[in-house]
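A.B. asks: sharing a sequence plus its predicted fold:
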Amino acid sequence: MTGYQHIWDFERDTARLISEGATLRDLYDAMLTVEDARPVVPTPGTLRSLAEAWRQSPAFLRIRLSELFGGLEVPHTDDYVLAMVGHLGGRHEQEVRLHMLRHDSELRDDIFWRVFEVEGGGEISLTNIDKFSREDLNWHNTVILLSNEGTIDRARLLRSCLEALNRDFSAYRAGWFSQMYNALAPMAIEAAPDQDLLRQCLGSPVTATVSLGAKYLLAIQKQGLLDAADFVDACAPALAGSKVAAVGILRMLATIAAEGSASTDAIASAAVHALAHPHPDVQRAAVKLLVKVGRGDFANASRDALAPSVAAELLPEETPNSHVGPGHDHSAEPLNTVQPVDQWSDDDARERFSALLEFGTSAIELELAMAWLARTDNASSILAPLVKRARKIDSNDGRFWIAELVLVAADPNRAFLPQQIWQDTRTVLVNGEPVERKFGEAVPLQTEEEKTFSPSLVTRMREVASIVSGHAQRRELLATPTDTHGWIDSSVLLDRLHGSPTPFPVDLTQAILRIRPADQSGLIIAADATSPVITESISIEWFPEGSPAHKPDGAPMWVRWKPGIVADVATEPSATQPALIPSYRHTRRFETIHSGPGVLIVRHQRQTSGIVASSLGLVSPASTLPLVAAGVPVMQSAMSEVNHAAGPVIDALASHPATWTAETAQVVALGMAAYHAELRTRSAELLASAMPSRISASEAAEGFAACEPAVALNRWTASLSDAATIAPTAVIELLTHLLPKLSRDTRGIGALLGVLVDESIRQHRGVNDPQLREWLDGFKGASGAAKAAKIGLALTGR
Amino acid sequence: MSIQPIGSQLALATSGGSASSGDVDNPYFFKGFVDQPAVVAQALLLIARVSRTRFYVPPNTLAAVLRAADPVITATPDGLRFESFSVCCGVYARLDIDADALDISHIAAGVTNVDVNPPLRQALAGLRPNEPLRLKVGDDEFRVATLDEELIEESVPLPTRWLKGFAETQMLFGGMSLKHELSGIAASQFIQALPRSSATKSTMWATDTERSLRLASRATAGAVCVAGPERLRVLEPLSRFATALRAYGPAADSDSLPMSSAWVLELPGARMTVGLSPEKSRGFSGEGSVLTSLVAGVEPEAIGLVSTLLSFESRIDPVRLAGKAGLSGTEIQPILGALASFGQLGFDFGTDSYFHRPFPARKELLSDLHPRFTDAQKLVDDGRVSRESDGSYLVRSVDAEYSVVLGGDATADRCTCLWYTKYRGTRGPCKHALAARVFATGTLEPDITT
């Protein structure tokens, strides 16, 4: 037998040895030929190490073979089991695992079954190992294969999966066992003996486990094998879970009630738990069941907790005293009220710059920081303690520009936001000494202006940096707002102009944009300035982007909608005209740069950081459009992933004094469909506050309808329900105008319609709008949407 | 009570069988059945689940195998308490079972710390409706018996890291007041409507509206902070038993920064209290609010005296205690807060009072629990603090000097260090402000060793 130099040579060769027919003994003998092998001493520390860190190798094999043939005695602790889980084979093969489980009887008949008891965690668990192993060669596949060939007892495997699911493992690690059980797909007659464990699954905090329990209990019921009384006693926890599981359980209870196979009281006691479910469909099924078993009184007693549409549909007309009175929209917080700005002084500049450096999203504080830097002589000494922190901020961080302002203030000789150059640089050995050498040509990378949606802000920061570095005279900046809405008092600006040397051009342009429109022309004349270029209107178009993969019918697997802005003739943001909005489609383009032997891949995509979003809100207090044009792509991405600029976009809009347009409403509409609940909440609150003071319901509905293809309606349903708790009238008005603009076939339309119906009932309002009534009248059939439409049409003349 | 420090852990034990009548030869300080086995089984599972859950995983960190921090059990004649912390120390959970919901064979005062392993969790999860549940809690073990089996869990040492979190939460709870209350169904609906995930710094505020309690994005007067709101979903398995949900928090207004909160779910014969830290990424053990009280002019001798007067009382009567200690009513409250900060007391919202739950105290406990205070004391002892003018002090650290201005009380102190600039006092005073206040008031380290 050929020897191995290192143990990993042996480990890598085990799959080949097995494929060539090696027995367990042969493997052990081969292991002994390793030249530099150390004795196998599986101390608790060694096992602990294998139980915590995945080496992606069959490191457990040595331990097991030494136990079988080398007389090694190892306690089969939880760490031992996890060591086996992680290291009985590598990532890209299953021969070792299959071979050992087929031929090592103790491993197969005793130790293997411990994997259903030991949860694991971190890197080592069945779930995690399988997630990062080749899908057709992982533990899941191995166990299925061995079960199918009869090596592993199927019945014991099924029961063990359920036992594992009832050991309160985390959702992530429990998933392996529910997927295994589902893959084994037991028939009802196989699952029936384990229905006690399936009942326990109904009480799991893991949604997938509850769904599994409900699914197989239903199958058992359909075959007439269900222990009905025990099921009724155990099913209550599942009635608080997912809508699908809860409705399924209620249907099973209804069947049991019809069959008379459990007591009515027990069925009613179980069903009543479903009345507290937040989903109207679950409540509806529960009320129907309670009425059916003669316990409608339970439902009536919980009437206030039910969705009004459910109560209206299924319960007797309520008595006058039990009316919930209509609410009022005064619960909505007013939009951010205007305050005068609090100018920085030398005494508080360090503390305020420190806060700006830490949180980096307040555009007003950035403006005041720039104003302070432009007039103070003491920036270097005051900001010196912040230099260490500023240096740690990466160029990809949204606070990078703020950090660079600190650094240039501390060292006026430092270049401010210089263009970066890339050249392939490598360490080579020259006479045995490492030396850095450059290869190829130096390639200039994108400038900061080219990377951002607000290049004019970069220009203004450069203007300030030139003062700090002594290349320009100290002065009072022109564009510093005098209130938190971004306006500049025109008399203040005139004073600044008179006291200032030749103004910086973009500083002046920005200042003019912050003057009230009625005063602008006069000020332009007085300043002998040029009128800023202002984009007066934009439109937003939505383009579908389909997946490369397709369904059998040819349709893409998924479609994502991306926005395009149609505005000015320009196609890039301007570094000198803050209120010029270019026409563009937000695309991600990669460029590969070759220089010598080196390759650099650069992503070309203009970014909107939090501070940029916030600053765009101050570009023009008279118009939300600069913020909207950059904000729509931000909010679109925030529907599916974390986007740190999304919150600042909403905050900037809340502070913006201008009247909204339908395009502005799209920003909020997208926010109400965001991935994160907090952003949805903030957007809902903003809508509640903005209607009707900033935008009418009809115009807002236009905005919502325009971006509807990009949105999951169920998120709007939840957000509008939330908004209705603080501004019910506004939500009713919005939906009255919005719904007729949507297709009746849109997924989720029924639940959205349900919000209108519920709020109309709560507010004692009729559904009287003719267009809406015509739209409602078009629903046919017995779908949830059709039922809601019917209830809505019945609300007349209130 | 035996004190067995083991490295950075503390071994808890009971009195070994003392009862109100004196010493008894009984290895358990509690034996009995629970009146509501289904409720208690789910509640114990919640306690165990919290103890092994990490609600926040720092970025760029591979989640190591979770070594569960194990629940603490306290018994008094008034009932049983089970407490745990999440691995990230940002969620605290406590189950209080009143004595009248227990069918008691024997009960005495004691504290222990036990492991809850998968077999016990499986037994609790598998408890059938109307099946009895028997508990025995003792020096070395915790036994749980169902009709099918008896599970034994051994006592384990309590990590000092947990002790700090226990201390901080109880002191924070003492400063909270009731802000909202929901009935059973409304409580259940509120819990089920909580988001399932949130951003790391997500902070929402439970706010009253005309119709219901909603999670708002901004603080308003009367709101209760819910940072990382999905953490509160730990209550979901118990929501079907809930008779009420009460929300507690400090006073809030529109300028409030994120703060801790406590949520009490009323159950038949029991209460489940869940405490949430001000941010998902912040554990309770990092809170410095207790430090303010340590330098609030509380006499160390008074703390020591009151500590000796406590005797596992499940409901501390401040008036009676003050009388015994020869103190006034206003003097006793900060002392109770300080004792809570040393892990000697817990706070029960159900009774609106502190209870005595004495973790073993040793001299080094102060530096373990409050290293910032110890560092501050060292600055003073090393002569690095000097007075510059009225209320203004200079503190010389290793590589820099910091100016501290003391306010009317410790919460108004300011420092020029970057830590203060970053946190603005939301995590308690920095060590420089502490040192200045210690220097100014002559505060000494209290002695609460037993």
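C.D. replies: Ah, there it is. Numbering: from 1, shown residues only, chains lettered A, B, ... in the order given.
A.B. asks: alpha carbons only for contacts and neighbour counts from here, please
C.D. replies: Noted.
A.B. asks: could you pull up the residues touching B:E150?
C.D. replies: B:143-144 (CA atoms under 8 Å, 6 or more residues apart in numbering or on different chains).
A.B. asks: and it, what pLDDT?
C.D. replies: Each residue has a pLDDT score; the one for B:E150 is 92.
A.B. asks: next one: phi and psi at it?
C.D. replies: Main-chain torsions, B:E150, degrees, to the nearest 10: phi -120, psi 130.
A.B. asks: relative to B:L135, how far out is it?
C.D. replies: 10 Å (CA to CA, to the nearest Å).
A.B. asks: which residues are common contacts for these two?
C.D. replies: Jointly contacting B:E150 and B:L135 under the rule CA under 8 Å, 6+ apart are B:143-144.
A.B. asks: which intervals of the chain have sub-threshold pLDDT?
C.D. replies: Since you didn't name a chain, this refers to chain A. Low-confidence segments of chain A, defined by pLDDT under 70: A:1-2, A:318-334, A:586-590, A:595-596, A:603-604, A:797-798.
A.B. asks: my bad, the chain I had in mind was chain B
C.D. replies: B:1-26, B:57-69, B:160-161, B:285-299, B:359-370, B:422, B:426, B:443-450.
A.B. asks: helices of that one, start to end?
C.D. replies: Using DSSP state H, the helices found in chain B span residues B:37-51, B:118-125, B:160-174, B:184-192, B:289-294, B:300-309, B:318-325, B:329-341, B:365-369, B:371-381, B:418-423, B:431-441.
A.B. asks: now the nearest residue to A:R462 once chain neighbours are set aside, what's its secondary structure?
C.D. replies: Spatial nearest neighbour of A:R462, excluding adjacent residues (CA to CA, 6 or more residues apart in numbering or on different chains): A:F416 at 7.0 Å. Classification of A:F416 by DSSP: H, G, I helix; E, B strand; the rest coil places it in coil.
A.B. asks: deepest-packed of the helices of chain B, please.
C.D. replies: helix B:431-441 (a mean of 25; mean count of other CA atoms under 10 Å in any protein chain shown).
A.B. asks: show me what it is packed up against.
C.D. replies: With contacts defined as 3 or more CA pairs under 8 Å, 6 or more residues apart in numbering or on different chains; DSSP states H and E, the packing partners of helix B:431-441 are helix B:371-381, strand B:385-389, strand B:392-396, strand B:401-405, strand B:414-415.
A.B. asks: go again using 6 Å as the cut-off
C.D. replies: Where contact means 3 or more CA pairs under 6 Å, 6 or more residues apart in numbering or on different chains; DSSP states H and E, helix B:431-441 is packed against helix B:371-381.
A.B. asks: A:M557: what's it in contact with?
C.D. replies: A:547, A:549-551 (CA atoms under 6 Å, 6 or more residues apart in numbering or on different chains).
A.B. asks: please tell me how far B:E141 sits from B:S84.
C.D. replies: 17 Å.
A.B. asks: ok, those two, which is more surrounded?
C.D. replies: Comparing B:E141 with B:S84 by other CA atoms under 10 Å in any protein chain shown, the one with more neighbours is B:S84, at 29 against 20.
A.B. asks: pick the one among the contacts of A:M557 closest to chain B.
C.D. replies: A:S547 (26.9 Å; CA to the nearest CA).
A.B. asks: for chain A, what's the nearest residue on the stretch 351-450 of chain B?
C.D. replies: For the stretch 351-450 of chain B, CA to the nearest CA, closest residue to chain A: B:T421, 6.1 Å.
A.B. asks: helix or strand for the nearest residue to that residue once chain neighbours are set aside, which one?
C.D. replies: Nearest non-adjacent residue to B:T421, counting by CA to CA, 6+ apart: A:E351, 6.1 Å away. Assessed by DSSP states H and E, A:E351 sits inside helix A:349-359.
A.B. asks: in that helix, which residues are buried?
C.D. replies: If you call a residue buried by 16 or more other CA atoms under 10 Å in any protein chain shown, then helix A:349-359 has these buried ones: A:349-358.
A.B. asks: same for it, what does it pack against?
C.D. replies: Taking 3+ CA pairs under 6 Å, 6+ apart as the contact cut, helix A:349-359 packs with no helix or strand.
A.B. asks: from the rest of the structure, what touches that helix?
C.D. replies: Contact with helix A:349-359 is made by A:L383, as judged by CA under 6 Å, 6+ apart.
A.B. asks: got phi/psi on the closest residue to chain B within the stretch 501-650 of chain A?
C.D. replies: With CA to the nearest CA as the measure, A:V642 is the residue of the stretch 501-650 of chain A nearest to chain B, at 7.9 Å. The phi/psi pair for A:V642 (degrees, to the nearest 10) reads phi -70, psi 130.
A.B. asks: how about it, what does it touch?
C.D. replies: Per CA under 6 Å, 6+ apart, neighbours of A:V642: none.
A.B. asks: just to revisit the earlier point, neighbours of the residue nearest to A:R462, how many?
C.D. replies: 19.
A.B. asks: distance check, it against B:C88.
C.D. replies: 41 Å.
A.B. asks: what about the strands in the stretch 201-350 of chain B?
C.D. replies: B:203-208, B:213-216, B:224-227, B:244-249, B:261-267, B:270-276, B:345-348 (DSSP state E, counting those that start in this stretch).
A.B. asks: winner for burial among those?
C.D. replies: Highest mean neighbour count among those (mean count of other CA under 10 Å): strand B:224-227, with a mean of 31.
A.B. asks: in its sheet, what does that one sit against?
C.D. replies: strand B:203-208 (antiparallel) (DSSP bridges).
A.B. asks: now do the strand it pairs with: everything it contacts.
C.D. replies: B:213-217, B:219, B:223-227.
A.B. asks: one more: stretch B:326-346?
C.D. replies: Around stretch B:326-346, the neighbours that count as contacts under CA under 6 Å, 6+ apart are B:167-168, B:170-171, B:303, B:322, B:354-359.
A.B. asks: can you give me the buried ones in the strand or helix carrying A:E450?
C.D. replies: Using DSSP H and E, A:E450 sits in helix A:448-451. By neighbour count with 16+ other CA under 10 Å, helix A:448-451 contains the buried residues A:448-450.
A.B. asks: what is the burial count for the residue of the stretch 451-600 of chain A found nearest chain B?
C.D. replies: Across the stretch 451-600 of chain A, no residue is closer to chain B than A:T484, which sits at 16.7 Å (CA to the nearest CA). By other CA under 10 Å, 21 other residues sit near A:T484.
A.B. asks: and the one 3 residues further on, by the same measure?
C.D. replies: By the measure other CA under 10 Å, the count of residues near A:W487 is 25.
A.B. asks: and for A:R694?
C.D. replies: Neighbour count for A:R694, taken as other CA under 10 Å: 17.
A.B. asks: helix/strand/coil for it?
C.D. replies: Local secondary structure at A:R694 is given as coil here, using three-state DSSP.
A.B. asks: any idea how far chain B is from the spatially closest residue to it that is not a sequence neighbour?
C.D. replies: Once flanking residues are discounted, A:R694 sits nearest to A:T659: 4.9 Å by CA to CA, 6+ apart. Plainly put, A:T659 is 23 Å away from chain B if you go by CA to the nearest CA, to the nearest Å.
A.B. asks: pretty sure A:T659 contacts A:S693?
C.D. replies: No - taking CA atoms under 6 Å as the definition, A:T659 is not a contact partner of A:S693, at 8.1 Å.
A.B. asks: neighbour count: the two, which is higher?
C.D. replies: Between A:T659 and A:S693, A:T659 has the larger neighbour count (other CA under 10 Å), namely 15 against 12.
A.B. asks: ok, A:T264 to B:A48 distance?
C.D. replies: 36 Å.
A.B. asks: interface residues of chain A facing chain B?
C.D. replies: Proximity of chain A to chain B (CA under 6 Å from any CA of the partner chain) is limited to residues A:52, A:121-122, A:166-167, A:200, A:276, A:278, A:676, A:682.
A.B. asks: quick one: which two of those residues are the most distant?
C.D. replies: Greatest spatial distance among those (CA to CA): A:E52 and A:A276, at 42.1 Å.
A.B. asks: with neighbour numbers in mind, choose between these two.
C.D. replies: Neighbours of A:E52 and A:A276, each counted by other CA under 10 Å, are more numerous for A:A276; the result is 26 against 23.
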